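Peer 1: 3D model of this:
(2 chains)
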There are 2 protein chains.
Amino acid sequence: MPKYLTLTDYALITNSAPIKRQTHGWRAKCLQRLVRLDMPVPLTIALSFGVVREIATGAQMNLRHLLGHFPEGQLLSVRPSAELPQWGGPAAVLNIGMNDAMHEKLSASHGEDVATALYLRFVQSFAQHVARLDPDMFDVDVPTRAALDAALRAYEDEMEDPFPQSVAQQLADVLRSMARAWEGTSARLLRQAKGAPVDAGLGLVVQAMAGGMGVGYGTTDECGVGMIRFIDTTTGAPQVMGRFRPDRERQDDEVLFLTKDARGPSLEERSPDAFAQLLEYGANARKRLREEMEIEFTLEDGKLWILDAVTVPRSSRAAVRVVVDLANDGVILRDEALSRIAPKALGELLHRQVDTKARPTVLGRGIAASPGAAVGRLVFTSAAAQASAARDEPCILARRETTPEDIRGMHAASAVLTERGGMTSHAAVIGRGLGVPCVVGASQITIDARRKILRSNGHTLAEGDLITIDGTNGLALAGEVALLEPALDDRFTTLLDWADARRDIGIRANADTPADARIAREFRAQGIGLCRTEHMFFEEDRLTLMREMIFADTSEDRRDALDRLLPMQRADFIDLFEIMQGQPVCIRLFDPPLHEFLPHSREGMRFLADALDKPLSEITRRAEALAEFNPMLGMRGVRLGITIPEIYEMQARAIFEATIEVTRRGAPIVPEIMIPLVSAMREVELVKSRIDACAAQVRGRAGVDFDYKLGVMVETPRAALRADDIAQHAAFLSFGTNDLTQMTYGLSRDDAGRFMSDYVQQGVFAEDPFHTLDEDGVGELLRLGAARGRKSRDDLTLSICGEHGGSPEAIRFCRDLGFDYVSCSPFRVPVARLAAAQLVIAEQG
Amino acid sequence: MPKYLTLTDYALITNSAPIKRQTHGWRAKCLQRLVRLDMPVPLTIALSFGVVREIATGAQMNLRHLLGHFPEGQLLSVRPSAELPQWGGPAAVLNIGMNDAMHEKLSASHGEDVATALYLRFVQSFAQHVARLDPDMFDVDVPTRAALDAALRAYEDEMEDPFPQSVAQQLADVLRSMARAWEGTSARLLRQAKGAPVDAGLGLVVQAMAGGMGVGYGTTDECGVGMIRFIDTTTGAPQVMGRFRPDRERQDDEVLFLTKDARGPSLEERSPDAFAQLLEYGANARKRLREEMEIEFTLEDGKLWILDAVTVPRSSRAAVRVVVDLANDGVILRDEALSRIAPKALGELLHRQVDTKARPTVLGRGIAASPGAAVGRLVFTSAAAQASAARDEPCILARRETTPEDIRGMHAASAVLTERGGMTSHAAVIGRGLGVPCVVGASQITIDARRKILRSNGHTLAEGDLITIDGTNGLALAGEVALLEPALDDRFTTLLDWADARRDIGIRANADTPADARIAREFRAQGIGLCRTEHMFFEEDRLTLMREMIFADTSEDRRDALDRLLPMQRADFIDLFEIMQGQPVCIRLFDPPLHEFLPHSREGMRFLADALDKPLSEITRRAEALAEFNPMLGMRGVRLGITIPEIYEMQARAIFEATIEVTRRGAPIVPEIMIPLVSAMREVELVKSRIDACAAQVRGRAGVDFDYKLGVMVETPRAALRADDIAQHAAFLSFGTNDLTQMTYGLSRDDAGRFMSDYVQQGVFAEDPFHTLDEDGVGELLRLGAARGRKSRDDLTLSICGEHGGSPEAIRFCRDLGFDYVSCSPFRVPVARLAAAQLVIAEQG
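Peer 2: Now for the predicted structure:
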């Protein structure tokens, strides 16, 4: 037996008795605010999450009490009101109360056409959303009386019951259908993807249709429905925008402009009073609701009704401008401005984006799995993607769904598109991990890899055709669409200046090249936290010298090759130091295994044999001898530094000589030298003594003094566990969370793709730990390492320099541990600056 | 100015005023014991470590006071007396006091030949050991008067001083030379290799030569010097052995037998009283000194003098028999018997050894770097070693010194010999790590790899010649020498029974095959702590099925291949369970990456394509797709188990069905199932639920109940750090220290050989952490893991199952952490049993 629910537990939205978002949802809350701002909001009743939940379980409803608040014959609307607008909800239902009697009454007052159109629209809407009938059955071209009768008959045939005439029954059916839709699987997944908890509730708002009928039908020509905004949603600049649709039965115009416009009539001209009132309401709402609102209104015979107001949807760029402007206008505090921007949204600003001015052809919509946009030639296999990358030709990899075998292809592609899969599918997880724009589950698209054809909406694309992927919005677009480079305006800069004034943890950038370093400066990174030096040896002329060094038979030959590398390396450092203008630069000594510098093909070997004037057999023998079973765990980092000390000595000399040179040029610097892959204290002690000796030698030769700091990159679990020993010889410890994650999990990042998506889907890992810092495991080593390191050295500088460094969660984690700074990729520096400020604000608020 | 040392700080060895080993050394201590046993020990004076140290620094000595104890004209000896006999010391110097006057006096009493021989021998010894002159200059065939005069002249020419005539000067020179020899580098390294601390001291013992002259020269035929032992040094069985060399001037015999012997005259017959007295002294010494002693004596005109007694040198086997017999005879307690055997020595017993009865030709002596003996054909390159291994032909790799490029060769060889290097050379460190017998630094041997020739002592061996390496004693032997298989007699069994009665930590064995399991039983392991199941899939018929499984296109095909593997796997487990007779068997589920099961050659691929009836291109494509950058950190262990659940399900079914079968046959067992490579709790939860379901299914089908335990192999740092979570779903945690070491250090065992010896030599790592458990780093994870695991589950079973499990240090470490058992290779089980008992005894003593 269904429960019988006498619906008395509702809230009449008035000025008093405050409504809470946590019980009645954002819309109810917002409507109450509008009421409090003295806006003409029609009578509204809010049902709480609890009541809606009971309705969903099938309780019978007695709505007499509730309906008593509305005058006899009042048409009603019902709208969803979840806790946050982005969690969505079922579609609104309007015109509840339309029935044969109302049709008759309205025919008399407004004419039969109006009455018929309204009734028919309600039957269509009820049939589709409440009775869940096929909408096609109710589709008509012109709303005639015959069409209405046909619709009512069709309803009766399908439901074996006439169309409900009682407003109480109509409303009860609408409420139940909306309550149940909220519990559906797809609605649940959708809102959970936006961060809603499992038990998120739905509130419902029952509102009198404005005025008499409340649908913008009147007896004069000042009738219609409209929406008005006061900013440009793309840029955030002040501008009145919106639409006004006049009562079609009274006027010829389809849609009016809001403001005066040479192209046609406008609301401003036709109803200047109402327009002025709207502007006033808007300004008032902005000030009192402290937000840019979008207002829905009805004009009925010149009388303005405010039906609803929501925060204006906006691009990330506009969002930044809105909060900065609000703060500058004194509407909100700077802290509030900082808190309102999701750091991730700021990150999107730094990706390339599809130009909003472009009008591209949408091939299909899917899930926005990894943000950013890219243009490239369509490929259907990993092999083709790799071939394309080898030709330096950007490509987009399209697969029905990706598998671990596609990883190399995903590496090579500029973006990835799949027909199947969700936010935790292989393509999505790996795409986010790689930072490759990615749209998954674009189910209208058919990808036929065998025939190398992509079909969608009547379009057919073949391999090699240009296509654009918008990973930020989940779109596949035809052809080459114009992309916007990240546009960082002065509001962006202002917001981040405010962030800098608040945050209490340093932000540096990982930068290997002068180009990286310039971006780091531009984004106001407080120095370089990780400068990997190995790339400097991969350039053509240097590679040859590196190979000579590797094949040297004696320490002298080795030193000779390195001596020729020295001036190049010194020039690299002079460049970096000059760009960074005295800000700290932390240089990681040579790290990769030597075999990375050898050719891999037989042909390359033969070429090398010629170049070095050695027999091919020796080249291949040495290359084989250098090959490793597990290069990640092999002869690299400090192990090379200890076994072949000449390399680190050359690098130290280059660093010190560059230091002297830039100091002479007037930009003194204290370089930081970082030892990679340390696992034992004695490694640090040994390298330190050699580098100290090298410094003494350079000082002596140049007759100039300089300072430097020597520290350790903590990448092995053992280095974290022995941080107390190690800190005795290190001025700083920087946690390299990429390698540390690999070793803590016993998991190679390059090989993890084979099962990572399975793991994330089955909830074995909450997220790919290479993407999101694993606070429980890797984080535990950071905790232990930080505590132990500090125990043996009070003034130890602590930081993180893995790719996690830019994520707000990792920054929170590091700040809680009292780290001095985080270092992240240059493009994540702004995100990190904002996230760091928010931590301080949250703590103090 | 050298210090002037009035040597009064010495100890006259008498019955009173106890001498300490810690100040005067083991020999002084032992001589005092002999005195206390009323043996006729000549007057002896002991110099303490402190005094000898002062002498070494160059102090001038006044020996008048000391010499005052000896009668005028007494010849003296000086012998070393370090704290422990195995720490060595300089060679003894005898006949101090011989000079022209004594020569004259002795000529009168004993004849000129005796006097000349004695004097000449002293001059030779003094020139070589004290004056450090070339011994060749003093070498003569017959000790004639002319030869003596020549020697004295040669001495004077070289030293530009006549041979010292004063006994005080002779003694001072001898003391100083011996004191300084102790400080020399090679002596220091030698004793440190045997465990001596850096500041180990040397005591010296000055003793009157027995009787008048004390050298076994007398006027009757009951004269001579001898040594007697009461056991067979190889077996430890009671037997009088030794030698007696009569005064050559008085008797014709070169050497006498000690006991009656058909082959010639014996001391027993010629001096029955002295012989009887020796037996009595021996029995007395054994009882009172509680050891088997070897007694050095002099017989002078029938009077017996006891010069010295040392513990009998003995093989490991004899050592075991001696302590068991002493304990059985009530001379020592069982605990003392257990304490006296070094666990490592017991380990040597379990290696093959060179038969002590063999009389091989010694090619060279070097450092005993890795114990055990092996015979094989000589090879000079790693390539030749690998080729030899491919032919199943045992080989011995001889290199001047090994380098990282030789690692595969070392893997392939049965033993390794190098010309250069010490205990921490590459060959030594890697040899110990691999468990390959190894002799390094055999410097008399010349190894010419280019000409493929080994030369030594006039022998020349070519590639392919047979050679024997005795890694236990540091010998290279010509030809094929008879080797003894490990001989485990009843004393061995008895000692280990005593150990079992004392120890309080369990010892299990790592055993994969029935053969391993049988050895484990024989050595009384308390079950199998680690049964790796993957080898079971490498056998010919199974490999084909594995490959079918890997190439299966559907889950059904995969299951079909696994269904055919099931009965084989079940039979494996039935075998193991039956052998272990109800003792626990801990089975690790499938661990290696799948690509290990694929052929590596093009030919193998083609063969496989035929076998599976698939195109070659598909085989190579799949093989490429399965290849990994870092297999150690890739798709293996529980990652496979979760991604391809059919494998673990098949294994679980095989285990459970085997359990039912052996229980039916009357040997009930509770199998333990261990999940490898876990890094997150949810992995365990998932696998556990599947295995529990499988158990329910098997129970249901068979209608029989059984128990089992499910646990986790802790091999990743993260598993140790999250042991609290993981223990919620695991009945036991077993630390796999091999992989855990690799991940904690970020160091692949297979690749570490490239620099490990450098690291150990430079003291970066104290020892190869794959050989000796790293207590500071890996051990810290064991500490954390154990504490965290126990916190969430009181009854959690903890153990270690890496290769470290058998080492006494690791057992101590695990016992201190309260582990339930250690598991080690079957051959290390006896070592572990003894080591565990010693821990209890040491704690209680």
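Peer 1: Distance check, residue A:679 against chain B.
Peer 2: According to CB to the nearest CB, to the nearest Å, residue A:679 and chain B sit 5 Å apart. C-betas here are computed from N, CA, C, even on glycine.
Peer 1: thought that residue was touching residue B:743?
Peer 2: No. Between residue A:679 and residue B:743 there is no contact under CB atoms under 8 Å: 10.8 Å.
Peer 1: Determine the three-state secondary structure at the most centrally placed residue in chain A.
Peer 2: Geometric centre of chain A, nearest residue: residue A:344, 4.7 Å, by CA atoms, centre = their mean. Three-state call for residue A:344 (DSSP: H, G, I helix; E, B strand; the rest coil): helix.
Peer 1: got it, and residue A:295?
Peer 2: The three-state assignment at residue A:295 reads strand, by three-state DSSP.
Peer 1: Same check on residue A:79?
Peer 2: Three-state assignment for residue A:79 (three-state DSSP): strand.
Peer 1: now the helices for the stretch 351-500 of chain A?
Peer 2: Ranges of helices in the stretch 351-500 of chain A, per DSSP state H, counting those that start in this stretch, are A:382-390, A:407-412, A:426-434, A:490-502.
Peer 1: Distance from the chain centre to the longest one, please.
Peer 2: By that I understand helix A:490-502. Offset of helix A:490-502 from its chain centre (CA atoms, centre = their mean, to the nearest Å): 20 Å.
Peer 1: Report the buried residues of it.
Peer 2: Residues A:491, A:492, A:494, A:495, A:496, A:498, A:499, A:502 are the ones in helix A:490-502 that count as buried (16 or more other CB atoms under 10 Å in any protein chain shown).
Peer 1: now the third one
Peer 2: For helix A:426-434, a neighbour-count test (16+ other CB under 10 Å) marks A:426, A:427, A:428, A:429, A:430, A:431, A:432, A:433, A:434 as buried.
Peer 1: Now residue A:30. Nearest residue, chain neighbours left out?
Peer 2: Leaving aside its sequence neighbours, residue A:30 sits nearest to residue A:309 (CB to CB, 6 or more residues apart in numbering or on different chains; 5.9 Å).
Peer 1: try residue A:795
Peer 2: Leaving aside its sequence neighbours, residue A:795 sits nearest to residue A:731 (CB to CB, 6+ apart; 7.9 Å).
Peer 1: The residue in the stretch 51-200 of chain A that chain B sits nearest to: helix or strand, and which one exactly?
Peer 2: With CB to the nearest CB as the measure, residue A:198 is the residue of the stretch 51-200 of chain A nearest to chain B, at 17.9 Å. Secondary structure assignment for residue A:198, by DSSP states H and E: no helix or strand.
Peer 1: thought it was touching residue A:183?
Peer 2: No. Under the criterion of CB under 8 Å, residue A:198 makes no contact with residue A:183, lying 11.7 Å away.
Peer 1: who has more neighbours, these two?
Peer 2: Under the criterion of other CB atoms under 10 Å in any protein chain shown, the comparison of residue A:198 against residue A:183 puts residue A:183 first, with 13 against 7.
Peer 1: wait, what's in contact with that one?
Peer 2: With contact set as CB atoms under 8 Å, 6 or more residues apart in numbering or on different chains, residue A:183 has these partners: residue A:56.
Peer 1: let's see 10 Å
Peer 2: A:52, A:53, A:56, A:57, A:202 (CB atoms under 10 Å, 6 or more residues apart in numbering or on different chains).
Peer 1: For residue A:412, see how far away it is.
Peer 2: According to CB to CB, to the nearest Å, residue A:183 and residue A:412 sit 43 Å apart.
Peer 1: ok, and the closest non-adjacent residue to residue A:829?
Peer 2: residue A:523 is the one closest to residue A:829 (CB to CB, 6+ apart), at 4.0 Å.
Peer 1: Repeat that for residue A:636.
Peer 2: residue A:593 (4.4 Å).
Peer 1: for that neighbour, what are its contacts?
Peer 2: A:626-628, A:631-632, A:634-637, A:639-640, B:751, B:754.
Peer 1: right, and the residue nearest to residue A:30 touches residue A:41 too?
Peer 2: Yes. Using CB atoms under 10 Å, residue A:309 is in contact with residue A:41, at 9.2 Å.
Peer 1: out of these two, which sits in the more crowded spot?
Peer 2: The residue with more neighbours, out of residue A:309 and residue A:41, is residue A:309; 26 against 22, by other CB under 10 Å.
Peer 1: ok but the more buried one is inside a strand, no?
Peer 2: Yes. The assignment for residue A:309 is a strand, going by three-state DSSP.
Peer 1: Let me know the secondary structure of residue A:45.
Peer 2: Put simply, residue A:45 is strand when judged by three-state DSSP.
Peer 1: For it, give me its contacts.
Peer 2: Residues in contact with residue A:45 (CB under 10 Å, 6+ apart) are A:7, A:10-13, A:28, A:66-67, A:69-70, A:76, A:78, A:204-208.
Peer 1: Enumerate the residues of the stretch 351-500 of chain A near chain B.
Peer 2: Contact residues, the stretch 351-500 of chain A versus chain B (CB under 10 Å from any CB of the partner chain): A:382, A:383, A:403, A:404, A:405, A:406, A:407, A:408.
Peer 1: Please determine how far the residue nearest to residue A:795 is located from chain B.
Peer 2: Distance check for residue A:731 against chain B: by CB to the nearest CB, it reads 21 Å.
Peer 1: How about residue A:237?
Peer 2: To chain B, residue A:237 is 49 Å away according to CB to the nearest CB.
Peer 1: I'd guessed that residue sits against residue A:320; true?
Peer 2: No. Look at residue A:237 against residue A:320 with CB under 10 Å: they stay out of range, at 11.8 Å.
Peer 1: Could you pick out the residues of the stretch 551-700 of chain A near chain B for me?
Peer 2: Within the stretch 551-700 of chain A, the positions near chain B by CB under 10 Å from any CB are A:593, A:621-622, A:624-640, A:642-644, A:677-686.
Peer 1: Buried subset of these, written for ChimeraX?
Peer 2: Remark: buried members of these, expressed as a ChimeraX selection using 16+ other CB under 10 Å:
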select /A:593,622,625,626,628,630,631,632,633,634,635,636,637,638,639,640,642,643,644,677,678,679,680,681,682,683,684,685,686
